[in-house]
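[1] Attaching a predicted model along with its sequence, questions to come.
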Amino acid sequence: MAKLASRWNPSHRGAAVPRALASTCSSCRACGTAATASRPLRPGVARNGGARSRVVVKSLGWWGLGRTEGGCFGPSVKMFAAKGFLKELQELKEDSERESKASGRSSSSEDKKKKKKQGKKGKAKATTGAKKKKQNGGSDTDQGDGLNYTAPLSVLLYPHPKLRATNLTVTEFDDRLAALSREMFKVMYDTEGIGLAAPQVGVNVRLFVWNPTGEASEKDQETVLVNPRYVSKSKGQTLFEEGCLSFPEILGDVKRPKSVLVEYQDLSGETCRMSFEGLEARIFQHEYDHLEGVLFHDRMHPSVFSDVKDDLLELERKFEEENPGVTYQGI
């Protein structure tokens, strides 16, 4: 802007007449007036409140000097003025091109530096993430929601540490969740169970399945409960002998409420409220305990616990032999 303004004679109205004319015409203000009156600003310049901004010149056509009311310019003067004007326009164009190239190089250089810096930062983050996954034993596809597992699943036996681990709330109700429930039913039927919690197959999420008939053909009896919780429990309790797939051939009496009112989500994420009693109430409470890291021998009366203690110690001994150095919570 400043460079453009210094090239034009401010005495000419609208700065429409080149400075070259100021030294050749004693009445340049008059002819300048006539010139500006007959034509608008020259091509390539925009006016904004008296100020001017240079843009790329698309036309070098000359205007207004060939004919004015006073006829004060002769052919030589007109030719001189025209050449001077064209020269100035050419200089302005060259200046504009140099500035554009310089700006382009600077911008390009800055963009390259920025991209290089972002690339290094992204690589560092990816490396850090990979290291964390490796340290946590996760795979590249691990999304951190606990729904990743390797099929086929199998029942973990006491005292595997995953039976006592914290179980994550399910937040993604997708195909992976449905696939996990199907795998769990398959394991449950193969091991002749009637209920199975996700941590029992090494998947630490708040999910369990059951079928009180224990028959794979009775699909209408299958129930999948996601993120279950108690609403209320009956005051009356009953004593009943229980077993657990994670404790093969170990049975013991456990006292639990007769009925429960619960809420849970189904595989689509819809919230359901149900009341269970009898066998289904007991299955719910047994499997819910698994989600809390509570095992059925934890609820046994001391006299009942003493009857199964040796069997529990034998399971611990076998686990230590098969998994040397792995820590667990024993009795």
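    Alright, I've got the coordinates.

[2] what's near enough to touch residue 173?
    Residue 173 makes contact with 226, 265, 267-269 under the criterion Cβ atoms under 8 Å, 6 or more residues apart in numbering. (Each C-beta comes from the backbone N, C-alpha and C, glycine too.)

[3] tell me which element residue 262 falls in.
    strand 259-265 (DSSP states H and E).

[4] what does the helix or strand just after that strand rub up against?
    Following strand 259-265 in sequence order, the next helix or strand is strand 271-277 (DSSP H and E). The contact list for strand 271-277, computed with Cβ under 8 Å, 6+ apart, reads 231, 234, 258-266, 283-284.

[5] circling back: which elements pack onto the strand holding residue 262?
    The contact analysis (3 or more Cβ pairs under 8 Å, 6 or more residues apart in numbering; DSSP states H and E) places strand 259-265 against strand 223-233, strand 271-277, helix 279-291.

[6] On the C-terminal side of the last one, identify the next helix or strand.
    Spelled out, it's helix 279-291. helix 302-322.

[7] Bridge partners for residue 239, pull those for me.
    With DSSP bridges as the criterion, residue 239 is bridged to residue 255.

[8] Surely it is in contact with residue 257?
    No. In this structure residue 239 lies outside contact range of residue 257 using Cβ atoms under 8 Å: 11.6 Å.

[9] in the chain, which ranges drop under the pLDDT threshold?
    1-93, 95-96, 99-143 (pLDDT under 70).

[10] ok but residue 145 is inside a helix, no?
    No. Going by DSSP: H, G, I helix; E, B strand; the rest coil, the assignment for residue 145 is coil, not a helix.

[11] What's the local residue count around it?
    Counted with other Cβ atoms under 10 Å, residues neighbouring residue 145 total 15.

[12] element containing the residue lying closest to it once chain neighbours are set aside?
    Distances taken as Cβ to Cβ, 6 or more residues apart in numbering put residue 172 closest to residue 145, at 5.5 Å, once the chain neighbours are dropped. Element membership of residue 172, judged by DSSP H and E, is empty: it is in no helix or strand.

[13] gap between residue 172 and residue 254?
    33 Å (Cβ to Cβ, to the nearest Å).

[14] cool, residue 316 as well?
    From residue 316 across to residue 254, the span is 21 Å (Cβ to Cβ).

[15] Please say which of these two ends up with more neighbours.
    Neighbour totals were compared for residue 316 and residue 254, and residue 254 leads with 22 against 15 (other Cβ under 10 Å).

[16] Do I have it right that the more buried one meets residue 239?
    Yes. Assessed by Cβ under 8 Å, residue 254 is found in contact with residue 239 at 7.3 Å.

[17] in this structure, which spans are strands?
    Per DSSP state E, the chain carries strands over the ranges 45-48, 51-54, 195-197, 207-210, 223-233, 237-244, 247-257, 259-265, 271-277.

[18] mind giving me a markdown table with these and columns for distance to residue 299?
    Below are the strands of the chain laid out as a markdown table (distance: least, Cβ to Cβ, whole Å):
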| stretch | distance to residue 299 |
| --- | --- |
| strand 45-48 | 84 |
| strand 51-54 | 84 |
| strand 195-197 | 15 |
| strand 207-210 | 17 |
| strand 223-233 | 14 |
| strand 237-244 | 9 |
| strand 247-257 | 5 |
| strand 259-265 | 15 |
| strand 271-277 | 18 |
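
[19] Ok, which of those comes nearest residue 321?
    strand 247-257 (16.4 Å; Cβ to Cβ).
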